[in-house]
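Q: sharing a sequence plus its predicted fold:
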Amino acid sequence: MKASKSTKLSAKKPAAAKAKTSNSPMLPKSDGDAGVQAYIASMEPWQAAIAKRVDALVVKHVPGVRKAVRWHCPFYGVEGHGWFLAFAAFQHHVKFSFFKGASLKPVPPIGQFKDVRSLDVRESDKIDEKQLATWIEQAASIPGWDGGSPRYGGSPL
């Protein structure tokens, strides 16, 4: 029996999905800096160097930032305001996602969802820390994402 086109296409999906798989470990949910630092320590050295620089920028530009690991990724938020940034390591890049990134000026370059905008940083990329700091400050100052969970009582963090 000859396979249909849709069967042939769906048979290729697992390989395509595998190529995009995160390079980071599956760390448990946690609150505080320790989980974020454990995530960073588990990354490839070049990825960890990038993540440490961005983590330091967040700490410098967002007094009292709240850190956590949610959905196996580091999250940054402001109490009563919501999560504004998360990141994840992939084989060839580290993705930094601003939950309300469409509101940032200028808008970060990558976006597949209504409000979320991201920045992919590869090993050879030079990070524009001034621009990144501006995005971090802007993102922390606007209402962020509440995590989509009813346990937050409908309010951020």
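A: Happy to help now that I have it.

Q: now the helix or strand residue 97 falls within - C-alpha only, PDB.
A: If you go by DSSP states H and E, residue 97 is part of strand 94-98. C-alpha atoms of strand 94-98 as PDB (Å, rounded to 0.1, in the frame of the first residue of the first chain):
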ATOM      1  CA  VAL A  94      20.400  30.900  23.600                       C
ATOM      2  CA  LYS A  95      16.900  32.300  23.200                       C
ATOM      3  CA  PHE A  96      16.000  35.300  25.400                       C
ATOM      4  CA  SER A  97      12.200  35.800  25.300                       C
ATOM      5  CA  PHE A  98      10.500  39.000  26.500                       C
END
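
Q: and after that strand, which helix or strand comes next?
A: Per DSSP H and E, the first helix or strand lying C-terminal to strand 94-98 is strand 117-121.

Q: that next one versus strand 94-98: what angle between them?
A: 160 degrees (axes from the mean of the first three to the mean of the last three C-alpha atoms, to 10 degrees).

Q: from the chain's centroid, how far away is the next helix or strand after strand 117-121?
A: Where DSSP H and E defines the elements, the next helix or strand beyond strand 117-121 is helix 129-141. Computed by C-alpha atoms, centre = their mean, to the nearest Å, the chain-centroid distance of helix 129-141 equals 14 Å.

Q: just the buried residues of helix 129-141, please?
A: 132, 133, 135, 136, 137, 138, 139, 140 (16 or more other C-beta atoms under 10 Å). C-beta: built from backbone N, CA, C; applies to glycine.
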